[in-house]
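J.: Have a look at this prediction, sequence included:
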Amino acid sequence: MADFVGAVDQGTTSTRFMIFDHGGNEVARHQLEHEQILPRAGWVEHNPTEIWERTRAVIQTALTTANLQASDLAAVGITNQRETTVVWNRRTGRPYGNAIVWQDTRTDRIAAALDKDGRGDVIRRKAGLPPATYFSGGKLQWILENVDGVREAAEAGDALFGTTDSWLLWNLTGGPDGGVHVTDVTNASRTMLMNLETLDWDDELLSFFGVPRAMLPAIRPSSTPDFYGVTRAEGPLGGEVPLSGALGDQQAATVGQVCFEVGQAKNTYGTGNFLLLNTGHEPVRSQHGLLTTVCYQLGADKPVYALEGSIAVTGSAVQWLRDQLGIISGAAQSEALARQVEDNGGVYFVPAFSGLFAPYWRSDARGAIVGLSRYNTNAHLARATLESICYQTRDVVEAMQADSGVTLDVLRVDGGVTANQLCMQLQADILGVPVSKPVVAETTALGAAYAAGLAVGFWESTDELVQNWNEDQRWQPSWTEEQREKGYAGWKKAVSRTLDWVDVES
């Protein structure tokens, strides 16, 4: 048996390849960013060819850095930005255009129309999702209607659809020369096209978006002893490495955080925030603006479901301070700047750049900075940005408790923003519960590695994975209840100011 497992983590802003040992410890990694293409307001795109080239490069560099061969890997898993939509030609391997990213809002009229005639209620019931610009179905409809030649190619079986897991799996297994067109249940559950009960594409849902079934990937478990396929000799891993695990990034982080018990929850802080609560083998239908989603399916076991609170803009709000406003030179500087003040000075920043996701689902909202006076400085804005990450998380936690009846004892956290000590302390203060970070903070890649390794027997059971989990740091709440409620009331008031800004019907 080889000594390591690899994981491709194809994210919104970068792609990385990480290698783990049997203890779940990081052995090597390499990471490269890719271009964020912003053709017009509300549009966000990626170049799928660039993503594939970056994937090849990070795999090769990580292996070289660790002085390893592909044969040292027992298996490879893939995790990915989930709803980002790619359509490519089966025969040439060329995309029909840029990928439409999950943050993109060009489909707002498509989403609004679904709720006007009752189709939205069917989508909620069957797919567990509200009609929203976030999900893949509307993006795929837009491509079919607006990109020349795609509809005809799809009807002929030549145009393939996939989220980026499918795109990479297809390329790693040969591309036009026999590439495997598959996805897993977690990614499929983010399209508005899969029935949560049957775990298959649903003909009624496909009809809502005009999607030909022939262009869709086969849906498989998240971890499968049968593999999705094996790598090809001409690829970055060489030949015959099993590709045996795939999970959408937030479900992968839930596995990486070993939230295998009903009631366990994790929050990942990345470009956006994503809080998932394990609800067991039965889907829980949300009444408070959350998503019902597949959490994972390991082999032939029953699927495990989750409630999810998806927040569009958290870490990317810090990037905005850096790239658009220029008030910080790097993400780490946001903490130092925010520490220059004791509080937000009355300033709230609601970063509704792509509308508001959970629990509001308001595509008409846009970002707002409120409460400004001449007293305020860039330090107050930096602190308000960190607080916005934490207040949006509280919105989701409140909804989750209302839906499930589960009151959190502790929130497990991971992702890049957890390096910000002030932000994590603010999160504990604003929630009023301890916040716990594991030794391996990059749990998204770890979860994909776990799924792949379980499939090939590298790990025998999830019990082994639980033993690997160790706490690195814990933040305890320090605010009084009065501080907490006053701050949250101010946040809710700020959110109300962002609504009805864009007319999605026009």
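T.: Sure thing, it's come through.
J.: residue boundaries of the helices in the stretch 51-200 of the chain?
T.: With DSSP state H, counting those that start in this stretch as the criterion, the stretch 51-200 of the chain has helices at 108-116, 119-127, 136-146, 150-155, 164-172, 185-188.
J.: So which of those helices has the densest surroundings on average?
T.: helix 185-188 (a mean of 29; mean count of other Cβ atoms under 10 Å). Quick note: C-beta positions are derived from backbone N, CA and C, even for glycine.
J.: Can I get it as CSV, trimmed to CA atoms?
T.: C-alpha atoms of helix 185-188 as CSV (Å, rounded to 0.1, in the frame of the first residue of the first chain):
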residue,chain,number,x,y,z
VAL,A,185,-24.0,13.5,-5.0
THR,A,186,-22.9,16.6,-3.1
ASN,A,187,-22.1,18.6,-6.2
ALA,A,188,-25.2,17.3,-8.0
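J.: what helices or strands is it leaning on?
T.: Contact partners of helix 185-188 among helices and strands, from 3 or more Cβ pairs under 8 Å, 6 or more residues apart in numbering; DSSP states H and E: strand 218-220, strand 242-248, strand 291-296.
J.: for residue 417, helix, strand, or coil?
T.: Assigned with DSSP: H, G, I helix; E, B strand; the rest coil, residue 417 falls in the helix class.
J.: Using a markdown table, lay out the helices and strands packed on helix 185-188 together with mean neighbour count, mean pLDDT and distance to residue 379.
T.: As requested, the helices and strands packed on helix 185-188 are exported to a markdown table (neighbours: other Cβ atoms under 10 Å; pLDDT from 0 to 100; distance: least, Cβ to Cβ, whole Å):
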| stretch | mean neighbour count | mean pLDDT | distance to residue 379 |
| --- | --- | --- | --- |
| strand 218-220 | 18 | 97 | 49 |
| strand 242-248 | 30 | 96 | 36 |
| strand 291-296 | 26 | 95 | 35 |
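J.: In stretch 365-382, which residues are buried?
T.: 365-371, 376, 378-382 (16 or more other Cβ atoms under 10 Å).
J.: any idea how far residue 53 is from residue 384?
T.: To residue 53, residue 384 is 38 Å away according to Cβ to Cβ, to the nearest Å.
J.: Mind telling me the two of the buried residues of stretch 365-382 farthest from one another?
T.: Pairwise distances across the buried residues of stretch 365-382 peak at 26.0 Å for 365 and 379 (criterion: Cβ to Cβ).
J.: nearest to residue 344, of the buried residues of stretch 365-382?
T.: residue 380 (5.8 Å).
J.: Give me the distance from the lowest-mean-pLDDT helix or strand in the chain to the chain's centre.
T.: Lowest by mean pLDDT, DSSP states H and E among the helices and strands of the chain is strand 229-230, with a mean of 88. From the chain centre to the centre of strand 229-230 is a distance of 24 Å (Cα atoms, centre = their mean, to the nearest Å).
J.: Now the nearest residue to residue 261 once chain neighbours are set aside: which helix or strand?
T.: Spatial nearest neighbour of residue 261, excluding adjacent residues (Cβ to Cβ, 6 or more residues apart in numbering): residue 278 at 6.5 Å. Assigned by DSSP states H and E, residue 278 falls within strand 273-280.
J.: Give the buried residues for that strand.
T.: Buried residues in strand 273-280 (16+ other Cβ under 10 Å): 273-279.
J.: Could you do stretch 294-307 as well?
T.: Across stretch 294-307, burial judged by 16+ other Cβ under 10 Å covers 294-298, 303-307.
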